[in-house]
Structures are given as structure tokens and as C-alpha cells.
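Visitor: Just to be clear, the model below is a prediction. Sequence and coordinates:
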Amino acid sequence: MSLKQDLGQRIQILRKNKKLTQEKFSELVGIDSKNISKIENGNNYPSPETLVSIAKALDVEIYELFVFKEQIPYEKMKEEIISALNDNKKVLYLYKMLTGI
């Protein structure tokens, strides 16, 4: 699956979890419902501004739109993060991600 498709599917899942129709969701995001459909179907990437609006409408942080593998338990994530702290390149990458550099 491509990034566009993964992102679209993730947005659709989050929208449905909030019990929002595409029409209501499009009103909250401020774009046409046809564009929401194209994003959810993996045909279009949302612009950065639209990503911000989507995250606000879904009440999530932007990064959560890109968490495609929800089945990973938090304990496993913690283990992987702690393990990554032993690699200087990964520490630098994590630092840049956290600080927005």
C-alpha cells in the first residue's frame, strides 16, 4: 500500500470512529466532501493546511494521522524507543522529531 493509501485509510478509520459522515467531516475540515473522498481513497494528498484541519476535526495530533500500525502495543513501542537510544544517529533523529528542527 502507498503512503497516500495508508494515510487515506487512517483518516477514514479515525473519521468513522468519531461517527462523522464525509459531509459533516468536510464541513469541519473546510474542504469539499469530494476532496475528502479522494483523500480517503488514496487518490490525493492533503495539503499541509488541510492536514492541520483534519487533525483538529478528528481531535488528534498530526503525527497520529501517520500511525498506521495501531496494533503495536505501547510496551513494544517503548522497548523500541529505548533500544533506539543506544544508536547516536537514531537519538539525533528522535531529538529532531521532538523539537521540530
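Guide: Ah, there it is. Residues are numbered from 1 along each chain as shown.

Visitor: Output the below-cut-off pLDDT ranges for this protein.
Guide: Across the chain, the stretches falling below the confidence threshold (pLDDT under 70) are 69-74, 101.

Visitor: Give me the most central residue, it.
Guide: Most central in the chain under C-alpha atoms, centre = their mean is Leu65, positioned 0.9 Å from the mean C-alpha point.

Visitor: separation between it and Thr21?
Guide: Taken as C-beta to C-beta, to the nearest Å, the spacing of Leu65 relative to Thr21 amounts to 19 Å. (Each C-beta comes from the backbone N, C-alpha and C, glycine too.)

Visitor: Just after the helix or strand harbouring Ser53, pick out the following helix or strand.
Guide: Remark: Ser53 resides in helix 48-58, with elements defined by DSSP states H and E. Later in the chain than helix 48-58, the nearest helix or strand by DSSP H and E is helix 74-84.

Visitor: Mind exporting the C-alpha coordinates of that following helix to PDB?
Guide: The C-alpha coordinates for helix 74-84 follow below in PDB (Å, rounded to 0.1, in the frame of the first residue of the first chain):
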ATOM      1  CA  TYR A  74       2.700   0.700  23.700                       C
ATOM      2  CA  GLU A  75       5.000  -1.500  25.700                       C
ATOM      3  CA  LYS A  76       6.600  -2.700  22.400                       C
ATOM      4  CA  MET A  77       6.900   0.900  21.200                       C
ATOM      5  CA  LYS A  78       8.600   1.800  24.500                       C
ATOM      6  CA  GLU A  79      11.000  -1.100  24.100                       C
ATOM      7  CA  GLU A  80      11.900   0.000  20.500                       C
ATOM      8  CA  ILE A  81      12.400   3.600  21.600                       C
ATOM      9  CA  ILE A  82      14.600   2.600  24.500                       C
ATOM     10  CA  SER A  83      16.600   0.400  22.200                       C
ATOM     11  CA  ALA A  84      16.900   3.300  19.700                       C
END
